[in-house]
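[1] predicted structure and sequence below. I'll ask about it afterward.
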Amino acid sequence: MNVMQGHVLAERECESDEAPVPAEVQDAIRTLLRWAGDDPHREGLVDTPSRVGRAWREYCAGYEEDPTVHLHRTFEEVAGYDEVVLLRDIPFQSHCEHHLAPIVGTASVAYLPTDRVVGISKLARVVHGYARRLQIQERLTAEIASCIWDGLNPQGVAVVIKATHGCMTGRGVRTHGVDMVTSKMLGCFRDNPSSRREVLSLINND
Ligand SMILES: Nc1nc2c(ncn2[C@@H]2O[C@H](COP(=O)(O)OP(=O)(O)OP(=O)(O)O)[C@@H](O)[C@H]2O)c(=O)[nH]1
Ligand SMILES: [Zn+2]
């Protein structure tokens, strides 16, 4: 990088609220670019190490939060409502811990309240809090379910995730159009077959 380019980069980073990407992270990305066969100093790639660093801070922002805090503010259940609350098909993006490839899909999160309900956006915040980490889909599903179980003390929790894995489409087996489907049921949705059927039918929009 020449002096001018360094100056422009420094100015941009000062204008931004984000912390600068550490030099060792940028060096690692330059090494990857070189190893992939390109020249990290050509014009189009000069800013790529800091961009990639910022992008990965965003992809992995979940490590900087505790998703359980989203469930701290609850409301007394509205009198007369004692049925399932479902947020269906929340779009999310995560990255697989094996290849760092994108996992893109939707999560449906349902619970049967005991006495408290939570603002509905908070269920999506919990999903993103765990998705923005390096994951396998099974753990992502289980972490969301146990967060809601512990945070809301509901009668039941159901989480169903459908996602495609970049490591199966862009590389390796190169198989497109396949969804991985995982579910985690707790409480009445695990123990009571009719409650389980009911919540699955709501989630699948049967
Ligand atoms: N169970 C599960 N497997 C995943 C997930 N994401 C990626 N994988 C799989 O993790 C496995 C890693 O297998 P390895 O044999 O160690 O890695 P690999 O040689 O790159 O495997 P291929 O993808 O088959 O080329 C692969 O089968 C991936 O498809 C996930 O969320 N859950
Ligand atoms: Zn993978």
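    Received, thanks. Ligands and ions are numbered 1, 2, ... in the order given.
[2] give me phi/psi at the residue nearest to the spatial centre of the chain?
    When Cα atoms, centre = their mean is applied to the chain, the residue found nearest the centroid is Ala131 (1.7 Å). Phi and psi for Ala131, reported as degrees, to the nearest 10, are phi -70, psi -30.
[3] so where is this protein shaky, pLDDT-wise?
    For the chain, the stretches with pLDDT under 70 are 1-17, 77-79.
[4] which residues of it lie near ligand 1?
    Contact residues, the chain versus ligand 1 (Cβ under 6 Å from any ligand atom): 96, 98, 136-138, 165, 167-168, 172-173. The C-beta positions use only the backbone N, C-alpha and C, and glycine is treated the same way.
[5] can you identify the element that follows the helix or strand hosting Ala145 toward the C-terminus?
    Using DSSP states H and E, Ala145 maps to helix 137-152. Later in the chain than helix 137-152, the nearest helix or strand by DSSP H and E is strand 156-165.
[6] that following strand - contacts with which helices or strands?
    strand 85-96, strand 102-112, helix 137-152, strand 180-187, helix 188-191, helix 193-203 (3 or more Cβ pairs under 8 Å, 6 or more residues apart in numbering; DSSP states H and E).
[7] Serialize these to a markdown table and add fields for mean neighbour count.
    Below are the helices and strands packed on strand 156-165 laid out as a markdown table (neighbours: other Cβ atoms under 10 Å):
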| stretch | mean neighbour count |
| --- | --- |
| strand 85-96 | 17 |
| strand 102-112 | 22 |
| helix 137-152 | 20 |
| strand 180-187 | 18 |
| helix 188-191 | 18 |
| helix 193-203 | 16 |
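[8] and the helix holding Ala145, what does it pack onto?
    Counting by 3+ Cβ pairs under 8 Å, 6+ apart, helix 137-152 packs on strand 102-112, strand 116-118, helix 121-131, strand 156-165, strand 180-187.
[9] sheet-wise, list the partners of the second one with their directions.
    In the sheet, strand 116-118 lines up against strand 74-76 (antiparallel) (DSSP bridges).
[10] with the last one instead?
    Listed by DSSP bridges, the sheet partners of strand 180-187 and their directions read strand 156-165 (antiparallel).
[11] helix 137-152 and the strand it pairs with, what's the angle between them?
    Using axes from the mean of the first three to the mean of the last three Cα atoms, to 10 degrees, the inter-axis angle of strand 156-165 relative to helix 137-152 is 150 degrees.
[12] chain center to strand 156-165, what's the gap?
    In terms of Cα atoms, centre = their mean, to the nearest Å, the centre of strand 156-165 is found 12 Å from the chain centre.
[13] swap in stretch 127-147?
    For stretch 127-147, the distance to the chain centre is 7 Å (Cα atoms, centre = their mean).
[14] hmm, it in reach of ligand 2?
    No: using Cβ under 5 Å from the ion, stretch 127-147 never reaches ligand 2; the gap is at least 8.2 Å.
[15] walk me through the domains of this structure.
    3-59, 69-203 (automatic domain parsing).
[16] quick revisit: top of the residues of the chain next to ligand 1 by neighbour count?
    His165 (25 neighbours; other Cβ atoms under 10 Å).
[17] please consider this matter closed, and thank you.
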